[in-house]
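# Below: sequence and its predicted model.
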Amino acid sequence: MSDPASAGVCRPLAESKNSFTFTFDGRTIQAIQGQSIAAALYAAGVRVFTRSFKYHRPRGLFCVSGDCPNCLMNVDGRPNVRTCIESARNGQVVTHQNAWPSLDFDVLRAFDKLDRFLPVGFYYKRFYKPRWLWLIFEHVVRHVAGLGRIDAGASGHAEAAVEHLHADVCIIGAGPAGLAAAAAAKAAGASVVLLERAPFVGGHLTSEGTHPDLLSELAASVGRTARVATTVFGLYEGNLIGASQNGRLLKVRAKQIVVCTGGRQQPFVFHHNDLPGIFLGRGVLRLARLDGVLAGRRAVVLTDCDDGHALAGKLTALGIDVRAVIDQRPSCPQNGTWPALASSTVVAASGRHHLKAIRVRRRSEDGAGENTISCDLLCLASSLVPANELLLMAGWRYRRDKNGWRPDRSVPGILAAGAVAGTLDVQAQIREGKQCGRQAAAFAAGQAVPPRQLDRPPAGRLISPSPEPMTGGKQFVCFCEDVTVKDIEQAVAEGFDHVETLKRYTTANMGPCQGKMCGLAAAELCARLTGRDPNSIGQTTSRPPVVPVEMAILAADRRHHPIRRTPLHHWHQQSNARWMDAGQWKRPESYGDPVAEVRTVRNAVGLIDVSTLGKIEVIGPDAAELLERIYLNKWADLKVGRVRYGVMCNGDGIIFDDGVGVRLGSDRFYLTATTGNAEAVVQWLEMWRAIWRLNAGVINHTSAVAAMNLAGPQSRAVLQCLTKLDLSPTAFPYMAMREAEVADVRCRIHRIGFVGELGFEIHCSTGHAWHLWEVLYQRGAEMGLQPFGVEAQRILRLEKGHLIIGVDTDALSNPLDAGLEWLIRFDKALFHGREPLLRLRQMEARSRLVGFVMADEDVMPDEGCQVVERGAPVGRVTSVRHSPTLERVLGLAWVPAAHCRLGAHFEIRRNGRDVPATVAALPFYDAEGRRIKS
Amino acid sequence: MTRTAFPVARTPLYHWHAAHGVQFVGREGVQLPAVYSTVEAEAAAARDGIGLAEISAGAKLRLDGAGVPAVAAGFSSDQATVQARSVAVFDADGPALACRLAERSLLLLGSKIDTSALSRRVPESADIVTTDVTWASAGLLLVGPQGEALLRRLTSFDIAALRTPAGACVETSLAGVHALLIHPPRGSVDEMRLYIAADVGEYVWDTLLQVGRDLGITPVGLQCLAALGLPHVL
């Protein structure tokens, strides 16, 4: 939170004495603490700040509020920084962009003379004939187009933090209306978050230096509620507000939102209306009041409302010589201090790199007359238009009437006060702010409040500027994309007369300002050219972000990448394990030599950490029934203490997961699921238990229980050293489970063997896993025990012909084609996938999962390689390894059913060459299962 | 059968503590972090910023089923546990917490490692499934004035909604993982407990330390917790 007092409620003219320097294109620039980069540059005599996007025309400061594209520069390697709102800092390196070799002399300015070859939409009409020239065109276009350059060599690693805020009422904008709303909501007992883009509160009262007492009173009433220098970029469903503050993403959720984003002046359209030296009137005041820099010495004000005359008075107070006030209205106030010309407008500005004079046309009953006024500053003081991007995004709609754009439709939960709602008088803004604040607090507290009447009499005049088409040179409607009146006329003539198609064809609204400077002007010009009412033209869709946001900030809420570690993670780390990712899990791929690990398991004994397996308990009178309906095979007849392999399908008969299960009691089962599917299987069981209304509970023990697999011919001997349990084949047969203490740790031991050897899968609490593993490792070392990783496990299981769900199967694999038909019990009345599997059984299989060996032992295709037939893909390799046991390259592949007989040959495309393979019987190793059952 | 050393259990963050020079203390067969630097330094850091402690070892029983509402009412005289998301203090050989996760789910957190004291408080009922989840989750404790600010950076849940005098709990997402947040009934010390799956304990611990660096987060041991007035938290 920032203290409004310290945040500069009424920042005086850069009163700080702290000065420092930064560099701009190698030149040292003096700046004062608190000054913007642009202000320091302007004070140092810089007038051209950037070059325009298409014609490379010189552009200078214009809005001084971060809305327009005229001050974009590269700051410390960051392109497209709005230097008018970026604070200068000691040692900053600022460089120009979009100009070569310099801002003052840009070779690409030649485009300005070639405009007849670059009409609107020229990129849709050029560069395709002759075809061979396209490569050259593309090279040139890629170099010329774009805005700013990112440093492709930079590390590109940027992280931003996120903060979640919750409030009863969130107020966007801390101008007079926003401050009043915040104070009223707070006084009503609501929790309030007040967000303000500027580094100070008070809005235009601060930047224009008016009503200081009123401002101090308002600021004091909100206390420390305001978050300044906080830019709201989006308003989303559920009253979620996206904002950025000091490189941090703020996500604010509020029961009620009050938008007080004010209004903004708009450019007028005339010849050379983009010349440096032409400013929005409020920009001139901001530059003077907040940064202590005068924009010029000899000013002319162009206006269509009383604001221009008030501005002239403020300029005079700042010491600027006001040469004239040009008023487009038929009559205007006269005060004798400066000439005020009614029924007049500026038709052209002149100057090469900066404004030198303007040409004024005056209409009278006697006809039109023109005269030239010498000046170095032209202030555009148009009537304010609502800064309503956020409201439009939220669903509010505006309508234009004789008084200008006014709210026409509101949405529940979002209120608006101040200029954004069409209220221009300061006292009226404060009254409206208070009313909205109280109303929002009441809504947030659940109190019934009569809806606010939107169609109230306007407190002030509110019209948008009306661009007048004139003959002559370039009159810019969109500064960002260099779209002129002529471009709009041509686009409308070509049929792009809908505001959305006009936007896409001309790119007006699509530049850095996102329509803030040009949106209404383009729409009104379109209305005028097509003879339609502006309300039927409407406005383009407002979407987030309404201001540019760094990608790192947008990604701030996605920067967490959870890592799951087994309780043995650090043991593996100390043993120099090579890691692999299995979803969020870290698993040891190997400990250096997977082939040696395979040989250890086949010849002695190995130990693998399988704690990542899903471990699920199903309890209740209907537990067996639930498993009967979920798995393809029978479970009701499973005896207590016996283990069974099971496969489950989804409703389409597609393989979903597999694993083993053990019956712990008449109404208790303990299941394992694959590493990647553990949570999904738990949810699957939970969902169907609830749908079928079965009396069974599902408990996920995955995080509570560690598991390790002791496998190999010596595994029984190792384990027998550590338990009193009789491990003999008769006492503890294959596919049985026993509960016993191993090394004084209570364990559940399964006699199963995924790797095809005598094996014991031991489950214990995660807290005791380290102790148990260490004891097994130390005791087993005497018998040749070595740990083995996932790579060795995959080789071993492949030799045994065991498939891995998700590796050897995909979202189209059914158990019939995958060779699991032996498992399916169609005599069960109900199980998931029964009906589609019955239909599939009647049909001819299209493909089969088969084992294969490569004809050439030196050739090993990659997993995923295509199985081809006459050059066309007909299948794919799912698993392939060189078997150290069998000294063959072997694998699993989906092949056409017609070619799945044993001994059939097929071809695999590897590196563009087709290599032969032969269908082989599964399993490749220990077909009788003697070793696993020993 | 060969005799081996008596098994000593390790908490999910044991290796982090060991790598950062903690002095361990054995309690009920579990190695627990006692002190990292000095009790005074840790307590001062916790009072000014955030103290972060591991409290994984405490006994945890989860009760699920239709019988939970009746059991929950028995843990508090003021009906605090009748409503979901509420927390009540009860005695189980020391102060323990009963957290009502949902209508039919209750989590009991003990101040001992062994679950027997908690089990004694659970009546036999066919309508309740009791699961020992002591080793399923890592427990972390945040103590200090900046704890809420830290959590606001990691979860979209409105933390202020938990900070009621009567205490509250909620299951939500924190730093991308599922977490249970518990604000115990207000005692002399303002604490917030997090419980996450044991396998993401180290990830969440690292994330808290990284994200809370500028808020003055400091790992603290059991001795510091005792000095802060939390002698029974494990």
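Now that the structure is in, tell me what you want to look at. Residues are numbered from 1 along each chain as shown, chains lettered A, B, ... in the order given.

# Please tell me I have it right and residue B:122 contacts residue B:108.
Yes - the criterion here is Cβ atoms under 8 Å, and residue B:122 meets it with residue B:108 at 7.4 Å. From N, CA and C alone the C-beta is placed, and that goes for glycine too.

# ok, these two, which is more surrounded?
Using other Cβ atoms under 10 Å in any protein chain shown, the more surrounded residue of residue B:122 and residue B:108 is residue B:108, with 25 against 19.

# average pLDDT for the host helix or strand of that one?
Using DSSP states H and E, residue B:108 sits within strand B:105-109. In this model, strand B:105-109 carries a mean pLDDT of 95.

# what's the answer for stretch A:136-154, then?
Mean pLDDT, computed over stretch A:136-154, is 81.

# swap in stretch A:604-613?
Per-residue scores along stretch A:604-613 average to 98.

# swap in stretch A:424-435?
The average pLDDT for stretch A:424-435 rounds to 94.

# In chain B, where is pLDDT below threshold?
For chain B, applying pLDDT under 70 flags the ranges B:1-4, B:77-82, B:187-188.

# Which stretches in it count as helices?
For chain B, the helices defined by DSSP state H cover B:14-19, B:39-48, B:68-73, B:116-120, B:147-152, B:201-211, B:222-227.

# tell me how far the fourth one is from the chain's mean position?
Mean-position distance between helix B:116-120 and its chain equals 17 Å (Cα atoms, centre = their mean, to the nearest Å).

# hmm, who's touching it?
B:59, B:61, B:92-94, B:96, B:108, B:110, B:130 (Cβ atoms under 8 Å, 6 or more residues apart in numbering or on different chains).

# residue contacts, residue A:728?
No contacts exist for residue A:728 under Cβ under 8 Å, 6+ apart.

# what's the answer for residue A:571, then?
Here residue A:571 is in contact with A:770, A:773-774 (criterion: Cβ under 8 Å, 6+ apart).

# center of chain B, which residue is that?
Centroid-nearest residue in chain B: residue B:139, 4.3 Å away (criterion: Cα atoms, centre = their mean).

# Identify the residues contacting that residue.
With contacts defined as Cβ under 8 Å, 6+ apart, residue B:139 is in contact with B:54-58, B:60, B:109, B:193-195.

# For my notes, confirm residue A:379 occurs in a strand.
Yes - in this structure, residue A:379 lies within a strand as judged by DSSP: H, G, I helix; E, B strand; the rest coil.

# so how far is chain A from residue B:113?
According to Cβ to the nearest Cβ, to the nearest Å, residue B:113 and chain A sit 9 Å apart.

# Need the nearest residue in space to residue A:538, chain neighbours excluded.
residue A:499 (5.8 Å; Cβ to Cβ, 6 or more residues apart in numbering or on different chains).

# How many residues are close by residue 234?
Defaulting to chain A. Neighbours of residue A:234 (other Cβ under 10 Å): 20.

# You answered for a different chain; I wanted chain B.
Neighbours around residue B:234, by other Cβ under 10 Å: 25.

# Leaving out chain neighbours, which residue sits closest to it?
Excluding the flanking residues, the one nearest residue B:234 by Cβ to Cβ, 6+ apart is residue B:58, at 3.7 Å.

# same deal with residue A:107?
Excluding the flanking residues, the one nearest residue A:107 by Cβ to Cβ, 6+ apart is residue A:100, at 5.8 Å.

# so residue B:145 touches residue B:45, yeah?
No - if you go by Cβ under 8 Å, residue B:145 and residue B:45 don't touch, sitting 11.4 Å apart.

# Comparing the two, which residue is more hemmed in?
residue B:45 (20 against 14).

# Name all residues that make contact with the more buried one.
B:51, B:144, B:216, B:218, B:220.

# Mind putting these into a markdown table with neighbour count and distance to residue A:379?
Converted to a markdown table, the contacts of residue B:45 look like this (neighbours: other Cβ atoms under 10 Å in any protein chain shown; distance: Cβ to Cβ, whole Å):
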| residue | neighbour count | distance to residue A:379 |
| --- | --- | --- |
| B:51 | 29 | 58 |
| B:144 | 28 | 54 |
| B:216 | 16 | 50 |
| B:218 | 22 | 56 |
| B:220 | 29 | 61 |
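
# tally of neighbours for residue B:87?
With other Cβ under 10 Å as criterion, residue B:87 counts 25.

# State the distance from it to chain A.
20 Å.

# was I right about residue B:111 contacting residue B:234?
Yes - using Cβ under 8 Å, residue B:111 is in contact with residue B:234, at 6.0 Å.

# Overlap in contacts, these two.
residue B:58.

# Now the common contact residues for residue B:122 and residue B:108.
B:61, B:63.

# So in chain A, which helix runs the longest?
Counting residues, the longest helix found in chain A (DSSP H) is helix A:426-444.

# Does that helix reach chain B?
No - counting by Cβ under 8 Å from any Cβ of the partner chain, chain B has no neighbours in helix A:426-444; the shortest distance is 13.2 Å.

# Run the angle between the host helix or strand of residue A:163 and helix B:201-211 for me.
In this structure, residue A:163 sits in strand A:162-172 according to DSSP H and E. Taking axes from the mean of the first three to the mean of the last three Cα atoms, to 10 degrees, one finds strand A:162-172 and helix B:201-211 inclined to each other by 50 degrees.

# and strand A:162-172, average pLDDT?
The model assigns strand A:162-172 a mean pLDDT of 96.

# Parallel or antiparallel, list what pairs with that strand.
Paired neighbours of strand A:162-172 in the sheet (DSSP bridges): strand A:192-195 (parallel), strand A:248-259 (parallel).

# Please name the nearest non-neighbouring residue to residue A:819.
Nearest non-adjacent residue to residue A:819 (Cβ to Cβ, 6+ apart): residue A:849, at 5.5 Å.

# Return the strand or helix carrying residue A:909 as CSV; C-alpha atoms alone will do.
Counting by DSSP H and E, the element that carries residue A:909 is strand A:905-910. Listed next in CSV are the C-alpha coordinates belonging to strand A:905-910 (Å, rounded to 0.1, in the frame of the first residue of the first chain):
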residue,chain,number,x,y,z
HIS,A,905,7.7,-59.5,-42.0
PHE,A,906,7.0,-55.8,-42.1
GLU,A,907,9.0,-52.6,-42.5
ILE,A,908,9.8,-49.7,-40.3
ARG,A,909,10.7,-46.3,-41.6
ARG,A,910,13.8,-45.1,-39.9
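
# Does anything pack onto it? Which helices or strands?
strand A:866-869, strand A:872-883, strand A:888-896, strand A:913-920 (3 or more Cβ pairs under 8 Å, 6 or more residues apart in numbering or on different chains; DSSP states H and E).

# Of all the ones you listed, which one is nearest residue A:179?
With Cβ to Cβ as the measure, strand A:872-883 is the member of those nearest residue A:179 (65.7 Å).

# Go through the closest one and flag the buried ones.
Within strand A:872-883, the residues scored as buried using 16 or more other Cβ atoms under 10 Å in any protein chain shown are A:874-883.

# okay if I get these as a markdown table plus distance to residue A:824 and pLDDT?
Putting the buried residues of strand A:872-883 into a markdown table (distance: Cβ to Cβ, whole Å; pLDDT from 0 to 100) gives the following:
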| residue | distance to residue A:824 | pLDDT |
| --- | --- | --- |
| A:874 | 26 | 96 |
| A:875 | 23 | 97 |
| A:876 | 24 | 97 |
| A:877 | 26 | 98 |
| A:878 | 21 | 98 |
| A:879 | 23 | 98 |
| A:880 | 27 | 97 |
| A:881 | 29 | 97 |
| A:882 | 33 | 97 |
| A:883 | 29 | 97 |
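
# just those now: which is nearest residue A:327?
residue A:876 (76.4 Å).

# Beta-bridge partners for that closest one, please?
Taking DSSP bridges as the rule, residue A:876 bridges to residue A:866, residue A:894.

# That one and residue A:868 touch, don't they?
No - using Cβ under 8 Å, residue A:876 is not in contact with residue A:868, being 10.0 Å away.

# sorry, back to before: for the next helix or strand after the longest helix of chain A, which strands pair with it and how are they oriented?
Using DSSP H and E, the helix or strand that follows helix A:426-444 in sequence is strand A:476-478. Using DSSP bridges, the strands paired with strand A:476-478 are strand A:483-484 (antiparallel).
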